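>>> This is the structure alone, sequence omitted:
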């Protein structure tokens with residue numbers, strides 16, 4: 001879980017809560033399946049949380065909107081994540 005606090009363009013302080021799951025690309029198929037099932041149970045208990053799944057460290061900053069994906073353009077609005 002990660003709570004990202006920021007200020008909107010109109011000056012209001014706000015936050016978003018992210019539920020990040022980490023699945024390494026070299027995990028076994030059984031491990032991926034077991035993890036996905038357990039994650040689904042936990043995720044079902046969390047309302048209003050943004051779900052982010054990553055397989056590499058570089059993807060964490062992109063998932064949280066800290067940096068842009070090299071293939072994407074951004075208008076700079078944090079509400080568009």
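Here it is on my side, so go on. Please read all numbers here as calculations on a predicted model, not as lab measurements.

>>> Can you list the low-confidence ranges for the chain?
Within the chain, the segments meeting pLDDT under 70 span 70-81.

>>> So which residues of it form strands?
Secondary structure of the chain (DSSP state E): strands located at 2-7, 13-22, 50-54.

>>> just the ones you listed: most buried one?
strand 50-54 (a mean of 15; mean count of other C-beta atoms under 10 Å). Every residue, glycine included, has its C-beta placed from N, CA and C.

>>> Which elements pack onto that one?
When contacts are defined as 3 or more C-beta pairs under 8 Å, 6 or more residues apart in numbering; DSSP states H and E, strand 50-54 sits against strand 13-22, helix 57-63.

>>> thinking again about what came up before, can you redo the strands of the chain as TSV with distance to residue 43?
Below are the strands of the chain laid out as TSV (distance: least, C-beta to C-beta, whole Å):
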stretch	distance to residue 43
strand 2-7	14
strand 13-22	6
strand 50-54	6
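
>>> from what I can see residue 69 touches residue 61, true?
No. The criterion here is C-beta atoms under 8 Å, and residue 69 misses it with residue 61 at 9.7 Å.

>>> picking up where we left off before, out of the strands of the chain, nearest to residue 41?
Judged by C-beta to C-beta, the one of the strands of the chain that comes nearest to residue 41 is strand 13-22, at 12.3 Å.
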